[in-house]
Each structure stands twice: as C-alpha cells, then as structure tokens.
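Undergrad: Compute the structure for the input listed below.
(3 chains)
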Amino acid sequence: MAVTSRTEPVRGVTLADAWRSFRTAIGLGWAIEANWSDPFLFAVYTMAKPLAAAGILVVMFQVISQGQNPEFLQFLIVGSALWNVVFGVMSGLVQSILDDRERYRMMKYIVVTPSSLFPFLLGRSLARVLLSFVAVVLTMAVGVLFLGVDLRPDLLYLLPAMVVGVLAVIALGVFMAGWCLQLRQEAGHYPDAIAGALYLISGAIFPIDILPSYLHPIAYASPTTWWLETSRRGLLGHGSPGVIGGLSDGTVMLFLVLSTAIAIPVALAAFAWFMRRARQAGLLDMVTGS
Amino acid sequence: MPDEPAIHARGVTRVYKAKPDPVTALGGVDLDVQSGEYFGLLGPNGAGKTTLIKILTTLLLPTAGTAKVAGFDVVTETAKIRRVINMVSGGEQSGYGLLTTREQLWMFSQFYGLANRQGWRKVDELIEITGLTGQKDQKVRTLSTGQRQKLNFARGMLNDPWVLFLDEPTLGLDVAAARDLREHTLSWKAAAPGRTLLLTTHYMVEAEQLCDRIAIVDRGKILALGTPAELRRRVQAESIFRIELDRLPHNGGINVIGDLPGVLSAVRVDEEVADGAASDRVALKVALADDSALTSVVTAVAERGSHLVGLAKSEPSLEDVFVELVGRGFGDEDGEESAS
Amino acid sequence: MSRYGSTTAKNPREAAEWSAGRVIRSNLRAVVGRAYPRVISLAREPSWLFFEIFLPFLAVSAFVFVYRALDAPEDFIGFVVLGGAMTAFWLNVVWMMAAQFYWEKDQGNLELYFTAPMHLMSILAGMAIGGLVLTSSRALAVIGIGSLVYGVTYDVQQPFLLAGVFLLTMIPLYGMGMLFASLFLLWGREAFHLAELLQEPIYFLGGINFPLRAIGPLAGVVMATLPLGVGLDAMRQLAFADSGVQGVLPVGTEVGILAAMAVVFLVAARMALGYLELLARREGRLTLRWQ
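TA: Model prediction:
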C-alpha cells in the first residue's frame, strides 16, 4: 500500500509512549552509570564525594566550636547530606543532555522520534538521582554513628516533604538542562556552580538570617530552602535556628508546596523554550569542545 | 638510503583481545609501496584496511611482524615517522566546533611545527586550493560534510607529508565532492616527486581511477596485488568487445570474424540490440587474444559490406576479481571491524 | 613552488631529522596552538562569566557565612577566600586537563594528536595555559570581590615570596594534571565521574576552607602528595602572617616540598604519558570511543 493511500490517521503520541520512552531511558541511564568504572572505584566515588563534602563542614565546625553547639552540627550534616540530591539531580540532567549531544551524538535521533525528549531525559538521569540518595543515607549514617546526630524521623511529615522537594529539585535540574543545551560542552560542570550558588541561599549550611537582608527574599522564594527546612524537621524533630525555625510545620510545608507548584511549570515552560531555541539555532546536534 | 620503499611491511599481524574470542584483524601482511606511488588497499568492511593504516600511522602496534614508513620503524621510531606523514580519514568529525575553518587549520599547523606566519600563509593557500575560500571564516560546526572533508584534506597537506594516508577519504561525499577530492590527491601527488599516497577504499572506481597498484584485502590478508589491469587479467585474460553491426558481413557472416587471427570467439547476442533498431542490425560478443586484433576485425567487417554501429569493451570489474578470489561479493561481508 | 607546496628536504629521511632546537620550537608552537581554541572560545561563548566567575564567588560565600554563623575569627574568612581562589586552579587541572584527553578521544582529535610530531605534554600545557585566562579571572574575582565584600585584611610581609610560592605551586599542580590525563584514559571509562571524585575529597584534604592542621595526621599525607594543600598552607602563612593559626610546616620546608613535587610530578607525567601511549597503541584504545 502506498503511503499516500493510508486510510487510518497517524496516531498521536500518548502517555504510553512517554512511559515507554521513560522506562527505556532508565535502562540506558543505568547501563551508562554502571559502565563507567570497576566496582571498587565506583564504590569509592559513591562514598568519598559526599563524605568529603560533609567532612569539610564538620572540620570547619570543630575548628571553631571545639565541639560546642551540637545542634548546629546536626544542622550542617543534614543540609550537607540532602545537598547531594540537588547536585545529583542537576548534574544528572545536564550531563545527560551534553553527553547525548556531544559524546554519543544521539540527541538528534532521539529528538526526531515521536517520543518527547523530556521523558527520555528524566529516565536517562534517574540512575544518578537514585545514587544521590545513597549519598544522603551514607552521610546521615556517618552523622548518626560518629557525630552524634540525633535522628527523630517523623515519616508522615518527612515523606511528602521529600517527594515534593525532589520534584522541585528536578524542576530546577530541568531548567538547567535546557539552559546548558544552549552552551558548549564544558557546561558539564556548570551544575556544580549552580548547586554551589544555591548552597548560599537555601539555608543548607547556615541559617538564612546570616545572609544580608537583600538576599532573604531570594532565599525564601527558593523551593530548596523549604525542602531543607521540612526535611530537617522530618529528620531531627526540630527546625533550623533563626526566623524560619519559628514558623509552624504546616506553614513550612505550605511554602514548600507553593514554591514547587510555581517552580515546576516555570521549569517546563523554560525547557520548552530552550528546546525551541535550540531547534532554531541548530544546537541539537552541535559539537563544541575546546 | 637509495630506493627504500616508502612503506614496507613484513608479516604484519594484529590481533585484538575481544570477547568471547580474539579477533585477528591482520593475519601476516607483506607489502612494499614504492616512493612516488599511489597505492590502494581495496576490500570490504572488516577487511583490515583501517587496522593496517593505523599501524603504519603509529596509532597501533602490530602484534607481530615489522613495518617501516619512510624507512623508519613504526614501533621504535614513531617520532620521526610523525614528522613526515599525515592522515586523512573519511567521515571525520574531529576538530573544535567553535573555531573557524582558518583557525582550525592554523592550530594544526602549529602542531606540525610551522612558524606562525608560515602557518597562516600555508593555511590560506590550502583554503584556496581546496575551494574553501567562502567558508574560511565559518565555524567548523557549520560546515557541510563535503566542506568538512575538504578541511580534513587541507589539514592532511599542512606539513607537506612525504607519505599521506587516506582512509576512505570520500566516505559520505556526493559525486562532485568525491571527484574534487580525488583530483586534489592526484594534483598534490604530481606537484612534487617522491610523494606517496596509501589509499584505503571499498569503492572500486576510486581505486581504479587513482591507484598505480592495488592490493585486494579480505579478512586480514592480501589476496592479490598488482596494477588494475593486471588484476583484471587474473579473471579474464582475453579482451572482450561488444560490436554492433548494421548487418552481418557478406560471404561468411559471423565466421568471417571468428576465423580472423587473434579472435578467440565471436558469438551473436542479438537480444541485446536496442528496441526500435533496424531489423538487420546484429550484436556480437567477440573475444580477442589482445586488443590489437580489433583492427583486423573492424577491417574485415568493413570489407564485407558491414558498418560498425557500436563498439564497447567489456572488462571485468575489480569486484569480479574479488569474487574470483574469495567466492563472494563486497556486499556479502560480515560488517565493520568490531575491534577497531 | 607548486600550488601544493613542497619541502626543501631531498628525501623523507632528511625531512625527519629535526634538530633539538626545532623540536623545542615545534613543541612550543603546539602549546600556543592548543591554547588558542581555549582562549578564543571564551570570547565566543561568554556564559563562563556567569558560571565560572559569578557563581563560584557565591559558592565561596556560602562557606564564609558558615564561619560567620559560627562566629569565627575574621582570619578564617580570609582562609576561605584564598582557598576558594585556589580551587579555580584545581578545577582547571581536573576539568580542563585531566578529563580533556578523554573528551578528545571521543571527538576523534586524540588520534590526530598522536600522529602529529609534537609531544602530548605540549598539548596538555596548551590546554592548561589556554584555561588560565578563565582560571585566573575566577581566582582574581574570588579574591578581589571576596576581600572587598567581606572585609578581608591581609598581612603580607614577604610579597615576593608569596608570589613565588604561588607560581611554584602551579608547576606540580599542572604536572599532576598531566599525570591524571593519562590515568583518566587508562582507568576510567568516563572522565566526568573521575573529575567529580577529585573535587570534594581534594578540597577536604587540601584544607580549602580550613587550616590544614585541623585534619591532624592526615595533614602529613597531604604534605607528601598534594601540591594544592602544601601551596595553600604556605600561602596562608604568608598572606596572613599575623594570624594565630599555624601552618603544618614552616614556609621554607613547604617550598622545598613543592619544588620536589614539581620534579616528581613532571617526571611522572612524562612517564605516564609514554606508558599511556604504549598501552593505547598496544591495545588499540586510542580510537575506541566510550572506553
């Protein structure tokens, strides 16, 4: 039958297609993550990076406080542990985009399929996201076992906080991925820079009150700030020092939900815009590198 | 060292460790390419052509055997070899996308040790020669495939190499671009004595057009080596012509031709005469011991009242040679070399 | 001369004989050639100004505020600023040198480098120098802006020694980068993760945000292996001479260690690159992508 004599309409893309693309991409992402080194080096990487990050803060604390003010140490460790998720999500999404465009040169082939790039991207980076949770657990375990972190989990509060918060972080990662699509290959380490900047305004490792007052609105607008606060309450049973710690659990959760509800559509719209711009400028199969 | 071959290989073997079994990409290759020669390695995908080029360009060590380029050993004298060779591969996407054509070439001129001004001058010359003047300030990532390959070829000429290796250089190019590139290689070779080219290709036309000698390679071994004419003669020693006459010769018809000295056979192949041609027209396939017998054939048919309407020489292709040697065509190969 | 040029040598043997001077000049030109795309790409894609200058300054600020939250002495703010500036060079070493051969292999440039006559160290040096524009900008931004915004005061009593220690630190640091360039290619299938692995652990061992003495016996290990840590410790002693915080070892000793490291790492780099090339040629890895 000739193409022109087709009688049935070409079917549109459905949720099932998106799910299939997502699921397939998960397998691909895991294959790539599992392939990069031998198991020993992989284990070292998984443990050394988050523990070193937390170690820096612990040493800074010990040098100054000499063991006084253990609540602040708990504050630091929880913030540092959870920050692995922020970094893992951002770098997972950005690296997927840049790898597929510049290294594997598969992005153009994925884009021309009926599946959207978006579920593919999410699936492709899921392995890194899950590995970042391993880092969270590891850091918390070291904190509890060796540094006196007093864990008092409230799962009813913690689990929804985690789910919503991770969605917010994924939204930030999606925004970054779209942005880095416009940039050159070296943008692969930009998530580090972004995570570092968010570190400053999210109350990750110091109370927001310490920031200059003109930065407070930015801090309070960031969903990561509320995610860290709700997670601290869900893990430690109490909030952070400062103004934010004085808010009720319900208020903090509400701010998390609201900020995430804004972040997600903004990120999706931005990603769509970045993709359109990439198509206009011919960036989808761009090969850069210097 | 007088009359040293530009490329010398003896027993060159390359085995890749692969799972489940090791892959023998080259199984004892012997080759001598003389200085000033345009030499072709012709074979299907997976034959070992690229592996051999990688060994000769010092990218790969042979597992066994010896190889020399410009008299220098590929294992122990790599630094000297790299000063006198260059390499152009087909389908190359290397380079820095953010640089312009001119900048990209200049950068490589510096890698080959050209002084700054000399480098820019050389780059501008090569840009003009390869027809990239319109693209000289265009970023590399915006070049078309053909332009990219011209850029690669220009890069290959930057250091005036004594031996230039071309690994499927026209891969993916359209007819005009491929023809341009081939002409450039011939012009480049002719510009100075002693320049040697080693070309790997699976395009038979390319090998026949360009190469002084060809080695037919398959599964890591050289099956045959010689000039294109010598290789064809392996399959078909005689010269075969298809002759169309307006009518059969008088007084003897086809036997007039068959009885001539130097004619091995003459057979009617009328079903090959074009539709709509005059009904008396005949087509003959005539096998001659050599081309010189053709003159007597043409004279004989003219003397007996026939006129020559069409004449074409039928020669075996290099694929025919390959089939003769291996028992299968180029399209029946197993695919890409998996370990290279 | 023909349009297609010609050498002055009569035969390839003559053409292949390069004097020592020519080899050196050729390698120096290769350094310049490889630095060029790095420098020019900064001009053609200015996103680095935001991502590599402004954002890192914010990241350093985060640690400044940790010390503020702990009511730390002001000297510690200076430690963080100086340490943050030095991370710029470390990141250049890790991302712009160590991981670079891996990416070059993926792009198909590595085999072109191997078939060219210059030494690979020239290519790496070119990458490092080309990256210095960005790196130095980042370091200066962190120091300049950080010192202004956070009111850091320095007490530099030996400015030339301080400058000398900084320059001396760069040599083994970049030698280490060259060494890693080979090791990345040999060990890993993906440079990105290895590069990441060399960030926080090195910041911890190098005392980027705290005096190196604070990690106790580990500091001794650092003194023996990590030029970043040794250099930073010496520079802090020189930049904050009146600080009450002591270095691990006297400055003079640390200068000696850096000089020894310079030799060790450069020699090790050259050996590793030679071994890498041999292994790559033997196993056919130069052109195997994603391996």
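
Undergrad: Nearest to chain A: which residue in the stretch 101-250 of chain B?
TA: The nearest approach of the stretch 101-250 of chain B to chain A comes at B:Arg141, 5.7 Å away (Cβ to the nearest Cβ). The way it works is simple: take the backbone N, C-alpha and C, and place the C-beta from them, glycine included.

Undergrad: Am I right that that residue is in contact with B:Thr100?
TA: No: using Cβ atoms under 8 Å, B:Arg141 makes no contact with B:Thr100, being 10.3 Å away.

Undergrad: so how far is the lowest-mean-pLDDT helix or strand in chain C from its chain's centroid?
TA: The weakest-scoring helix or strand in chain C, judged by mean pLDDT, DSSP states H and E, is helix C:191-197 (a mean of 75). Computed by Cα atoms, centre = their mean, to the nearest Å, the chain-centroid distance of helix C:191-197 equals 15 Å.

Undergrad: so what does it touch, helix or strand wise?
TA: Here helix C:191-197 touches helix A:39-65, helix C:100-107, helix C:159-187, going by 3 or more Cβ pairs under 8 Å, 6 or more residues apart in numbering or on different chains; DSSP states H and E.

Undergrad: Columns mean neighbour count on top of the ones you listed, output as CSV?
TA: Compiled in CSV, the helices and strands packed on helix C:191-197 are given as follows (neighbours: other Cβ atoms under 10 Å in any protein chain shown):
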stretch, mean neighbour count
helix A:39-65, 19
helix C:100-107, 23
helix C:159-187, 21
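
Undergrad: wait, isn't C:Leu273 in contact with C:Met121?
TA: Yes: using Cβ under 8 Å, C:Leu273 is in contact with C:Met121, at 6.3 Å.

Undergrad: shared neighbours, these two?
TA: Residues touching both C:Leu273 and C:Met121 by Cβ atoms under 8 Å, 6 or more residues apart in numbering or on different chains: C:Met178.

Undergrad: avg pLDDT for the lengthiest helix in chain B?
TA: Longest helix in chain B, counting residues (DSSP state H): helix B:175-191. Averaging pLDDT along helix B:175-191 gives 90.

Undergrad: how about the helix or strand following that helix: buried residues?
TA: The element immediately downstream of helix B:175-191 (helix or strand, assigned by DSSP states H and E) is strand B:196-201. Across strand B:196-201, burial judged by 16 or more other Cβ atoms under 10 Å in any protein chain shown covers B:196-201.

Undergrad: Was I right to think A:Met253 contacts A:Leu158?
TA: No: between A:Met253 and A:Leu158 there is no contact under Cβ under 8 Å: 10.7 Å.

Undergrad: any residues in contact with both of these two?
TA: Common neighbours of A:Met253 and A:Leu158 (criterion: Cβ under 8 Å, 6+ apart): A:Thr230.

Undergrad: Who has more neighbours out of the two?
TA: A:Met253 (20 against 17; other Cβ atoms under 10 Å in any protein chain shown).

Undergrad: Flag every residue of the stretch 51-200 of chain C that's near chain B.
TA: Proximity of the stretch 51-200 of chain C to chain B (Cβ under 8 Å from any Cβ of the partner chain) is limited to residues C:107-109, C:111-118, C:123.

Undergrad: Out of those residues, which are close to chain A?
TA: Okay, of those touching chain A (Cβ under 8 Å from any Cβ), that's C:Gln107.

Undergrad: Understood, closing this out.
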